[in-house]
Structure formats: structure tokens, C-alpha cells
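J.: Provide a 3D model corresponding to the input given below.
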Amino acid sequence: MTVYFIGAGPGAADLITVRGARRLASCGVCLYAGSLVPRELLAECPPDARLIDTARMDLDGITAELVRAHEEGQDVARLHSGDPSVFSAVAEQMRRLDAAGVPYEVVPGVPAFAAAAAALKRELTIPTVGQTVILTRIAQRATPMPEGEDLATLGRSGALLVLHLAAGYADRVVRELLPHYGADCPAAVVAMASRPDELVLRGTLDDIAGQMKEAGVVRTAVIMVGRALAAEQFPDSHLYSSERERPCLPDERTPDPVESAGDGASLS
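T.: All right, here's what the predicted structure looks like:
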């Protein structure tokens, strides 16, 4: 039997992947983060599935449920908000399943920063403006950040910063980034991305913290800071440029090697 770590997406129930929904529908047990995963997703589970809210459980309790289901011959859906690859705490769960000899599979989901960018209607990588996106958080009431990954250090790059788990500390974020980005640097906040109560705030480092306080945003929000958020004057991407030399394709079914390269193929 298999444990499936499934990315449930940023909030909207219909942003789970097709694969994720199919895995969910085939599992007799589902562990989900009740405070983050939309309840509507649980309707995808089999009618007789055992549903376990992990909101008040610790790692030992969660692991015990995963192992128990495996021993009972049940496939298990472990629903995590967003995508399991970032800030999901699946690494320690997988480590324990490895020790217990329990097989697992990871099903990716739509990450919160992608839903936030969609809400802002912005591409985060803009030709000649910014080609680097840093996903990070701050260490306030959580595991300490590794050396060299503090905001002051990361801010020196000038790259677009995407901050998770930082909504309650907006003043600190602004204070540490101002010396590197400047008060006029574009900033945005998306709270409850993709949900019915989604809230979008746009401004600069100078005023974004004040906007967040006025709106009462203290959790479940992504903070973005960087010039790419407001870039308007920039050259077109190289991918579709008339100046780019294109290969001869006698067979139209043969893909353009640049266009088919996947994420980042725009060579912008």
C-alpha cells in the first residue's frame, strides 16, 4: 500500500491537479490539515473513507496513522496545502516512513506564490528587470533560518522576494528590506489566494505594512517585494522574437527545442 503526499493547492478546491483528485478518490484513508485544506476537497474521497484532521496532531501521531493505514492494507492520502515541495513539513514525514518501510509518492500541487501571482496578474520573471524569484520566510516563532538566509542577506540580491509565514511581521519585513530595495520598491500582498475571500493589496515598501494593518491581514498571506511587480517598460521575451533564429522543422510534429524546454524556456 502507498501513502500519497498530495498538494491540495492554495485554497480553491478546483485548483487540485487531476492526478491529485484521482489519488484522493482512490484512498480509503485521508489525513488533511483542517485549518488549511478546503472541506470541499474531502467530497472527492470515497464515501466510506476514514477522514483524519491533523490540525491538532503532532508528528508522532500523524506518522502512527500513516503506518496504521499501511498495515491495514489501505492507500492513504496525506493532503497538504499548496505544493509539498515548499514549507510543507513533508520531509520529516517521509524520513519516518522510510524508517518504517512504508512506500510513498508525492503528487505536486499549485503553490501559494503561483496563485498569488495569478491574482496580481503578473509574471514574476520579467526580461531585463528580474529573472530570479526567492521563496523564503522569516524566523520569528518557527525553526531558525540557516546562516546567510536572513532577509538582509537575501535582500542584497535585489531579486523578487516571496515571503511565506510573515504576514504577522510586516513591520520587521519592511525594516529589514528598506536598505536594499528602497521605499519606492513595488510590494504586494495576497491573502487567502484563490479563495472567495481573497484580498489583494498593492503598494510599495513604504506603505504596504500600513495597508496590511488597516486590512487586518495577519496570516494566510504571501508578501512579495521586487521591481518586477510593477515593470511596464521592458523588451519582449526572446522566445517569440522575430530576431531569433528558428530551426527548420520539416515535420510539424517536431517541437521547437527552445519552446518545448519547459519552465524558463522563454530565455527572457
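J.: helices and strands of this structure: which one has the lowest mean pLDDT?
T.: Here the helix or strand of the chain ranked lowest by mean pLDDT, DSSP states H and E is helix 151-155, holding a mean of 93.
J.: Direction included, what does the helix or strand following that helix pair against?
T.: Using DSSP states H and E, the helix or strand that directly follows helix 151-155 along the chain is strand 160-164. Here strand 160-164 is paired, per DSSP bridges, with strand 133-137 (parallel), strand 221-225 (antiparallel).
J.: How far off centre is strand 160-164?
T.: Put simply, strand 160-164 sits 11 Å off its chain's centre (C-alpha atoms, centre = their mean, to the nearest Å).
J.: What of stretch 57-66?
T.: 24 Å.
J.: Go through that stretch and flag the buried ones.
T.: 57, 62, 63, 65, 66 (16 or more other C-beta atoms under 10 Å). Placement of C-beta: from N, CA and C, glycine included.
J.: Using PDB, list the CA coordinates for whichever helix or strand the last one is part of.
T.: This points to residue 66. For residue 66, the host element (DSSP H and E) is helix 59-71. Taking C-alpha atoms only, helix 59-71 is exported to PDB below (Å, rounded to 0.1, in the frame of the first residue of the first chain):
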ATOM      1  CA  LEU A  59       4.400  14.300  14.100                       C
ATOM      2  CA  ASP A  60       4.300  11.100  16.100                       C
ATOM      3  CA  GLY A  61       0.500  10.900  15.900                       C
ATOM      4  CA  ILE A  62       0.400  11.600  12.200                       C
ATOM      5  CA  THR A  63       3.100   9.000  11.500                       C
ATOM      6  CA  ALA A  64       1.300   6.400  13.600                       C
ATOM      7  CA  GLU A  65      -1.900   6.900  11.500                       C
ATOM      8  CA  LEU A  66       0.000   6.600   8.200                       C
ATOM      9  CA  VAL A  67       1.700   3.400   9.400                       C
ATOM     10  CA  ARG A  68      -1.500   2.000  10.800                       C
ATOM     11  CA  ALA A  69      -3.300   2.500   7.400                       C
ATOM     12  CA  HIS A  70      -0.500   0.900   5.600                       C
ATOM     13  CA  GLU A  71      -0.600  -2.100   7.900                       C
END
